[in-house]
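Chemist: Dropping a prediction and its sequence here:
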Amino acid sequence: MIRKFMAAMAAVMFMVGCTTVDPVTGERETNRTATGAIVGAIAGAAAGTLAGGDDRRNAMIGAGIGALAGAAIGNYMDRTYLNLRERLAGTGVGVTRVSQSQILLNFPSDLTFDFDRDNVKGQFVPTLRDVGNVLREYDQTTVDVYGHADSVGSDAYNQDLSERRAMNVASVLMQGGVIRQRVAVQGFGESRPIASNATDDGRARNRRVEVYISAFQG
């Protein structure tokens, strides 16, 4: 487990040297602003995995984030869902209300990444930052970022790629204002397909990053 997260940290240090497109000027720039945020997020994900799920809860309380309870949960998540639907209309990102207390965002790989690459496409960065802006406003939620791959290639390669893609999506969300205490990151490789890997369309659906937004409950 420790070795796995040390490898993840190395991937992060490679990622932060990549470039993104400034949404205002259109110029490419070195993505240095994510360095501290993403390293903190991965460290937090490692601690949560090794020490138990209460770590994130305690960190959020320590950051001054209050928990939701009772009828307030549904109302709060209703507003979060409507804002995300409005902000992501026409982007190709799936927005699904999973339950009263949870929302799922599905980022198709072909929309978010170039083939076999882990850095977020420059033209998609503003969309992810918009998501981060909404989640910054509705901060009484946890944010779980899950990476998935198709079955082409070795299990180990797909696992690593899914982890790196999830980390980079989390990085851009944090650039949009999501504090690291709310974020956990995990890659599942090819282990959780949502379609058949026997077809091109099925494989495309399986290559994705999912973001689960859950009410922080008391």
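Modeler: Nice, I can see it.

Chemist: Which SSE is immediately downstream of the host helix or strand of residue 80?
Modeler: Using DSSP states H and E, residue 80 sits in helix 71-88. Heading C-terminal from helix 71-88, the first helix or strand you meet, by DSSP H and E, is strand 94-99.

Chemist: Direction included, what does that next one pair up with?
Modeler: In the sheet, strand 94-99 lines up against strand 102-108 (antiparallel) (DSSP bridges).

Chemist: what does the strand it pairs with rub up against?
Modeler: Applying C-beta atoms under 8 Å, 6 or more residues apart in numbering, the external contacts of strand 102-108 come out as 77, 80-81, 84, 88, 92-98, 128, 131, 169, 204-205, 207-215. Yep, even glycine has a C-beta here, placed from its N, CA and C like the rest.

Chemist: what comes up buried for the longest helix along the chain?
Modeler: Longest helix of the chain, by residue count under DSSP state H: helix 155-175. When burial is assessed from 16 or more other C-beta atoms under 10 Å, helix 155-175 yields the following buried residues: 158-175.

Chemist: So which other helices or strands are in contact with it?
Modeler: Helix 155-175 sits against helix 2-15, helix 35-51, helix 109-112, helix 125-137, strand 141-148, strand 183-187, strand 208-215, with contacts defined as 3 or more C-beta pairs under 8 Å, 6 or more residues apart in numbering; DSSP states H and E.

Chemist: for the record, mean pLDDT for that helix?
Modeler: In this model, helix 155-175 has a mean pLDDT of 96.

Chemist: so it versus strand 102-108, what angle?
Modeler: Relative orientation of helix 155-175 versus strand 102-108 (axes from the mean of the first three to the mean of the last three C-alpha atoms, to 10 degrees): 120 degrees.

Chemist: could you dump helix 155-175 to PDB, C-alpha only?
Modeler: These are the backbone C-alpha positions of helix 155-175, laid out as PDB (Å, rounded to 0.1, in the frame of the first residue of the first chain):
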ATOM      1  CA  ASP A 155      -4.000  -5.000 -15.500                       C
ATOM      2  CA  ALA A 156      -1.100  -3.100 -13.900                       C
ATOM      3  CA  TYR A 157      -0.900  -0.500 -16.700                       C
ATOM      4  CA  ASN A 158      -4.700   0.200 -16.600                       C
ATOM      5  CA  GLN A 159      -4.600   0.500 -12.800                       C
ATOM      6  CA  ASP A 160      -1.800   3.000 -12.900                       C
ATOM      7  CA  LEU A 161      -3.400   5.000 -15.700                       C
ATOM      8  CA  SER A 162      -6.800   5.100 -13.900                       C
ATOM      9  CA  GLU A 163      -5.100   6.400 -10.700                       C
ATOM     10  CA  ARG A 164      -3.100   9.100 -12.600                       C
ATOM     11  CA  ARG A 165      -6.200  10.300 -14.400                       C
ATOM     12  CA  ALA A 166      -8.200  10.500 -11.200                       C
ATOM     13  CA  MET A 167      -5.500  12.500  -9.500                       C
ATOM     14  CA  ASN A 168      -5.300  15.000 -12.300                       C
ATOM     15  CA  VAL A 169      -9.000  15.600 -12.300                       C
ATOM     16  CA  ALA A 170      -8.900  16.100  -8.600                       C
ATOM     17  CA  SER A 171      -6.100  18.600  -9.100                       C
ATOM     18  CA  VAL A 172      -8.100  20.800 -11.400                       C
ATOM     19  CA  LEU A 173     -11.100  20.600  -9.100                       C
ATOM     20  CA  MET A 174      -8.900  21.900  -6.300                       C
ATOM     21  CA  GLN A 175      -7.700  24.700  -8.600                       C
END
